[in-house]
Structure formats: C-alpha cells, structure tokens
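Q: Can you look at this prediction? I've put the sequence above it.
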Amino acid sequence: MTATPAIESFQTAFAIRPGLLVEASDATDVLAAVRDAAARGLPVAVHATGHGLPGPVGGGMLIRTRRMDGVEVDAERRTARIGAGTTWGGVVAAAAPHGLAPLNGSSPGVGAVSYTLGGGLGILAREFGYAADHVRSLDVVTADGVPRHVTADTEPDLFWGLRGGGHRLGVVTGLEIGLVAVERLYGGSLAFDGDAAPDVLRRYLEWTRTVPETCTSSLAAMCYPDVPQLPEALRGRYVISVRVAYTGTAAEGEALVAPLRAVGPGLSDSLREMPYTESHTIHSDPPFPHAYYGEGLMLRDLDAGTAGRVLELTGPKAPMMTVVQLNHLGGALAERPAHDSAVPHRDAGFLLRLLSPLDGTDVEAVRALYARVAGETAPYALGRALNFAFGGGDRTDGFHAPRTRERLAGLVSRYDPASLFGGAY
C-alpha cells in the first residue's frame, strides 16, 4: 500500500486521491486490505475501470481491482466466472467461441462486476433481463474481514442485496454469471439529421409499442462538435439516431426496422447482421478517458410531447453539449427473476440518460439543466438508475424505492455497522 496523488481513471472530471492505494492481484490481497482498513478505521472504495465513478474520492483506502481480470467459461453449464477487474469486452471474447454471450452493456471497456452490481442494463436486456438476474454466485469480502461465497442458498439476504445494491455491502472479488446462447444478431444504428427529430421521435415511440421482446433499442440525440476527428457528415450537426439489437433473422430485422427507415433519408445506416463480438459497434461508445457528468431517470412511460420538450432543452440551443439517450425497457426487465434482487424500478418503460462533457463546462450549469429535464419528466418519474449516475455523487436519493432502501440499510447495519464501505443507502 502506498500514499498516492490523483490516480488515472476513465472518468477524468473528478480527482481520485486516496490516502492508501491497493493494487489487488487476487482475493487474498483484497482480504488483507479490508482487514487493514477496518483496523485503522479507514473508509474503503473500490475501483475497476472508473467509468461510473460516483464523485470525488478523497482520503481512505482505494482498492483497485483492474489486475483481477480473469474469465473462465463453462460451456456445458453456460456460465462464466469473472474476476473483479474484468471488462465486458473480455467476457464477450471468452464466451464467443462457445456460441455464448453475457448480458453485457454497450461499452466493452466497462467493468463487468461493478456494472452487474448496479443492475446491468445490457444490449439484449428486453429479451433476457438485467445482468444481475443472471448471477449464480458472488465471492465477496465483507467489512468484518470474512471472505464469503454467496449464493441464493448460503446467504440469501446478501445475495439479494449485492445484485442491484452496488458496492456498499463489501468488496466483490468475483462472480459467476449465466450466459445466453446468442452468436449473432441483427443490429446497428440509423441516423437522421436533427431537423427530422420530431418525426423520428414520434415514430420511435410508436414503434416501441409494437416490437417483440427480442428487440432492444434506444434513441439518441446530440450535437456533434465540429472537429476533424469526426466523419465530415457529422461535424457540427445535430443528429438523432435509433440503435437496434434484435436476435431474430436478418430478414425479420429488415422488416422490423422498415417503419423507422420510412421516416425519410438518413445520414447513415449501419443496420446489418453481425457476430455478437461486434455488438459494441451498435453504440460505438467513446473508448478514451474523458470528463463528463451524467444522470439516468427511470420513467414509467413517456409521451411524444414530453420527449420533444426534453430534446428542445438539450438540443442545439442548450447551454452545453448534452447527449440524450432514451432506452426502451419492459419485456424481461419487468419480470421478477427466480431469486429476487435489489434491482429497482422494474415497472419502468423507459430510461432517460443524460451525459454532458465537462471540459470547460460549469458543473452547476449542467445540474441546473438536468433539473429542468427532470421537471419535464416528473409525471412519469419512478427514480434514478444507479449504473448511469456518472459523477453524481452529490445526489444519492432515488436509486431504490423506500422499502428496498430500508432492507438494504438493514443489511448495512448487519454486515457493515461501522460504515466501512460508505454507510446507509
């Protein structure tokens, strides 16, 4: 363990300056670190890739798990054991030779364990549910310095809370997840000029009422900067696009997206059949570290008028660049798994995601804009999404319903009474 200045992270907007840094190579390192922190009375935070860093981290101990990146696939059981520092790209690559896939998110560089602890909204979410629904077991070190192998049978309360409750119940050193038999899909992005936003938005919302659960999609809108790194067709333009992932045949996929293509001429169309290993190209999330602030609002439903006002607030006339993404939920996401979990807001029909680059942007101005968006969507609001509160450590409310929050708080009192991992929910 060494004293350290600010350390590197994918999220560069918020300094990470722990008093002690532990570069853990295995569960034994984590166990020793937690016991040492408890003896010293030091708070503990965990860091894998730093995509979803909730806010500034100062003092205390930071356990960095990026070296714990192993993947072991059991093709017969359709499971994978993954280490705490494993990225989704690593899991996808390990599962693909067996004709299998995990319930991964859109970015291959995101830490799979942390994402799953927050619920895990995947590319195939409407068909298969949350990543947390597919967890078979977790290996975790709790605040009392005890390594635990947690399953639905051994410690059902902890098994419930770790899946959807985030990092506040211990340091997860690895987990076993179920895989699905998906080798290929029909997917990609269909982009339109921002002038067509009202028609695209209306058509998309109508379309989501008709699609099968085998189709998971999102709508995104953003003003691209005028920089040479971007394709000329996108530079300086306001663009609205629909992203699609569908596990049916390519012919069925073509018929499925026909109503979207009928909106009119598009700027680009990457919809195609692809191996699952190329599924990250559907969203093409930026792979490089950068500074940003974000929010995720879980909505019961959404009408075209309200959605249109959100685009007006965040579009070309907005005070700062804001990426808007509207994820269509429902399907298997709304179903309770065989073993219930702390994943909240299963009755949400949509997730509204907001993300703003922070280079040269006032954080308070971003928060003010997000508050206006939240005001517009308030009639549909259920709460906030833990996986997408990027840089939002200033707000911890709304992640779970009151009854779930109370149950999680009870688990904290039982497993971490000294608040080693961050205190009450």
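A: Ah, there it is.

Q: part of a strand, is I82?
A: Yes: under DSSP: H, G, I helix; E, B strand; the rest coil, I82 sits within a strand.

Q: Run through the residues that contact it.
A: Neighbour list for I82: G70, V71, G90, V91, A112, V113, G174, L175, E176, I177 [criterion: C-beta atoms under 8 Å, 6 or more residues apart in numbering]. Just so you know, the C-beta spots here come from the backbone N, C-alpha and C atoms, and that holds for glycine as well.

Q: And A27, by the same measure?
A: Listed by C-beta under 8 Å, 6+ apart, the contact partners of A27 are M68, D139, V141, P147, T173, G174.

Q: Kindly state the pLDDT recorded for it?
A: Note for A27: predicted pLDDT of 96.

Q: Quickly note the distance from it to T87.
A: Using C-beta to C-beta, to the nearest Å, we find A27 at a distance of 19 Å from T87.

Q: same question, G99
A: Using C-beta to C-beta, one gets 21 Å for the distance from G99 to T87.

Q: Compare these two (neighbour count), which wins?
A: Per other C-beta atoms under 10 Å, whichever of G99 and T87 has more neighbours is T87, with 24 against 14.

Q: Tell me the confidence at that one?
A: Confidence for T87, expressed as pLDDT, is 96.

Q: How about it: what's its closest non-neighbour residue?
A: Distance criterion C-beta to C-beta, 6 or more residues apart in numbering; nearest residue to T87, sequence neighbours excluded, is G109 at 5.4 Å.

Q: what's the answer for H283, then?
A: Take H283 and drop its neighbours on the chain: the residue closest to it by C-beta to C-beta, 6+ apart is S106, 3.9 Å away.

Q: what helix or strand is the one you found on?
A: Using DSSP states H and E, S106 sits within no helix or strand.

Q: That one and P287 touch, don't they?
A: No: contact criterion C-beta atoms under 8 Å: S106 and P287 do not qualify, at 11.7 Å.

Q: More neighbours: these two, which one.
A: A direct count of neighbours by other C-beta under 10 Å for S106 and P287 places S106 higher, at 21 against 11.

Q: Let me see the contact set for the more buried one.
A: Applying C-beta under 8 Å, 6+ apart, we find S106 in contact with I123, H280, I282, H283, D285.

Q: just those now: which is nearest L21?
A: When these are ranked by distance to L21 (C-beta to C-beta), D285 comes first, at 27.1 Å.

Q: Can you list the residue ranges for strands in the stretch 101-250 of the chain?
A: Along the stretch 101-250 of the chain, counting by DSSP state E, counting those that start in this stretch, strands occupy 135-141, 147-150, 171-178, 184-193, 215-223, 238-246.

Q: Packing partners of the last one?
A: Put plainly, it is strand 238-246. In terms of contacts (3 or more C-beta pairs under 8 Å, 6 or more residues apart in numbering; DSSP states H and E), strand 238-246 is packed against strand 184-193, helix 197-208, strand 215-223, helix 250-261.

Q: 6 Å - rerun?
A: Contacts defined by 3 or more C-beta pairs under 6 Å, 6 or more residues apart in numbering; DSSP states H and E place strand 238-246 against strand 184-193, helix 197-208, strand 215-223.

Q: Could you tell me the angle between it and strand 184-193?
A: If you take axes from the mean of the first three to the mean of the last three C-alpha atoms, to 10 degrees, strand 238-246 sits at 170 degrees to strand 184-193.

Q: Parallel or antiparallel, list what pairs with strand 238-246.
A: The strands that strand 238-246 pairs with in its sheet are strand 184-193 (antiparallel), strand 215-223 (antiparallel) (by DSSP bridges).

Q: Output the helix or strand harbouring L382 as CSV, nothing but the C-alphas.
A: Assigned by DSSP H and E, L382 belongs to strand 381-384. In CSV, the C-alpha atoms belonging to strand 381-384 read as follows (Å, rounded to 0.1, in the frame of the first residue of the first chain):
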residue,chain,number,x,y,z
ALA,A,381,-40.7,9.6,-12.8
LEU,A,382,-40.0,6.4,-10.8
GLY,A,383,-36.4,7.1,-9.6
ARG,A,384,-32.8,7.1,-10.8
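
Q: Where does the prediction get shaky in this protein?
A: Applying pLDDT under 70 to the chain flags residues 1-6, 53-58, 392-394, 423-425.
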